[in-house]
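sequence-free structure coming up:
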Ligand SMILES: [Zn+2]
């Protein structure tokens, strides 16, 4: 069954040109198509939002979803907020069957988190000792679509503070193995120690990155390593600290300090030219559909320009993840805003029209 072609007219960003676009099936064309239904005739057109760090395989409370249907329902919350592409930064369940679901945003998947035994949220990660990290990352590379997720640090109960997941040389070897298997490597880090070694080991993206110092940031800028700061997640560090206070007061204090220092780190990374992308870290404690909110935080707290915040959560992130934008033959994902989000970024919170995979969502 083929649906009727669609027609959209508006100011296409970032090119800043009034353009007519036609949607035929799952493709965009700039050539007029007869009998198309006009679904937007003004406003500002983007190739959809991107949440480059979320978890549709993790339900409320940080537990695995019970079914692929539940994962799909979470992805639809993102879609309905205009998020038309997701990079899943770790899922305990294999939901690859959703890759071709016409209702589900474009999926870029990292397989399962890889973490040391009992050093991550219970039941989510593939938990392995240091002898197996490299092999496990390679296994997860096969399960994902181009990415793997390494937990670089976590609470170390012996230290009563954050500590690297494994020895730096072990993690560097695992990064090399994942690269040799054709996967890009995303690393979870909160503390200072692991991230410093992992950036120099050549990881592709630092997730959270609350422990980055100026040297690490300079190294990331030099290498082109991406930062996905998940500012929404970092705002929850205070409650992580409160829960840990009685047992691990030093860790709690560390987490509060990391939160307090974070906006400045993201600002420094931005000013140093580190590529920054929008990630909400939805799944577990954080609701889905907050990518636009993260964009606003990047503007307000980290000083990103509206255009750069838009790139970080839309066309720039799509290019980074290998997804085409609104070009001839490109994917038929687009979003229309009534107001110009470059003038007031808050416009991204109110999409007027959403089209995913050639179908009108709203
Ligand atoms: Zn996450």
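Okay, I see it. Bear in mind the structure is a predicted one, so any value in this text is a computation, not a measurement.

CA only for contacts and neighbour counts going forward, please
Will do.

pull the contacting residues for the residue lying closest to residue 276 once chain neighbours are set aside.
Nearest non-adjacent residue to residue 276, counting by Cα to Cα, 6 or more residues apart in numbering: residue 227, 4.9 Å away. Going by Cα atoms under 8 Å, 6 or more residues apart in numbering, residue 227 touches 205, 206, 207, 208, 209, 274, 275, 276, 277.

can you name the next helix or strand after the strand or helix carrying residue 227?
With secondary structure defined by DSSP states H and E, residue 227 is part of strand 226-228. Later in the chain than strand 226-228, the nearest helix or strand by DSSP H and E is helix 231-234.

what mean pLDDT would you report for that next one?
Average pLDDT, helix 231-234: 98.

quick one: contacts of it?
So helix 231-234 is in contact with 208, 210, 259, 262, 280, 281, 286, 294, 297, 298, going by Cα under 8 Å, 6+ apart.

any chance of these in JSON lines, plus distance to residue 62, neighbour count and secondary structure?
Shown next, in JSON lines, are the contacts of helix 231-234 (distance: Cα to Cα, whole Å; neighbours: other Cα atoms under 10 Å; DSSP: H, G, I helix; E, B strand; the rest coil):
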{"residue": "208", "distance to residue 62": "17", "neighbour count": "25", "secondary structure": "strand"}
{"residue": "210", "distance to residue 62": "21", "neighbour count": "27", "secondary structure": "coil"}
{"residue": "259", "distance to residue 62": "21", "neighbour count": "19", "secondary structure": "helix"}
{"residue": "262", "distance to residue 62": "24", "neighbour count": "22", "secondary structure": "helix"}
{"residue": "280", "distance to residue 62": "15", "neighbour count": "28", "secondary structure": "coil"}
{"residue": "281", "distance to residue 62": "11", "neighbour count": "30", "secondary structure": "coil"}
{"residue": "286", "distance to residue 62": "9", "neighbour count": "19", "secondary structure": "coil"}
{"residue": "294", "distance to residue 62": "20", "neighbour count": "24", "secondary structure": "helix"}
{"residue": "297", "distance to residue 62": "24", "neighbour count": "19", "secondary structure": "helix"}
{"residue": "298", "distance to residue 62": "25", "neighbour count": "30", "secondary structure": "helix"}
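
nearest to residue 21 among the residues you listed?
Proximity of these to residue 21 was ranked by Cα to Cα; the top entry is residue 294 with 28.3 Å.

contacting residues for the closest one?
Neighbouring residues of residue 294 by Cα under 8 Å, 6+ apart: 230, 231, 232, 278, 279, 280.

which residues does the residue positioned nearest the centre of the chain contact?
The centre of the chain sits closest to residue 52, judged by Cα atoms, centre = their mean, with a distance of 1.6 Å. Applying Cα under 8 Å, 6+ apart to residue 52 gives the contacts 85, 86, 87, 88, 89, 228, 277, 278, 279, 280, 313, 317.

these in strands, which ones?
Counted as lying in strands by DSSP state E, out of those, are 85, 86, 87, 88, 228.

so the last one sits against residue 189, correct?
Okay, so that is residue 228. No. Under the criterion of Cα atoms under 8 Å, residue 228 is not in contact with residue 189, lying 10.8 Å apart.

quick check: neighbours shared by those two?
Here residue 228 and residue 189 share the contacting residues 206, 207, 208, 209, scored by Cα under 8 Å, 6+ apart.

is the residue nearest to the centre of the chain in a helix, a strand, or coil?
strand (DSSP: H, G, I helix; E, B strand; the rest coil).

also residue 216?
The three-state assignment at residue 216 reads helix, by three-state DSSP.

okay, now it: neighbour count?
20 (other Cα atoms under 10 Å).

and the closest residue to it other than its chain neighbours, how far from residue 98?
For residue 216, ignoring the flanking residues on the chain, the nearest one in space by Cα to Cα, 6+ apart is residue 196 at 5.9 Å. Residue 196 sits 36 Å away from residue 98, going by Cα to Cα, to the nearest Å.

looking at the two, which one has more neighbours?
The residue with more neighbours, out of residue 196 and residue 98, is residue 196; 21 against 18, by other Cα under 10 Å.

what helix or strand does the more buried one sit in?
For residue 196, the enclosing helix or strand under DSSP H and E is helix 193-200.

so what touches that helix?
Residues from elsewhere that reach helix 193-200 (Cα under 8 Å, 6+ apart): 152-153, 163-165, 168, 171-172, 187, 189, 206, 209, 211-212, 216, 219-220, 225.

switch the cut-off to 6 Å
152, 164, 189, 216 (Cα atoms under 6 Å, 6 or more residues apart in numbering).
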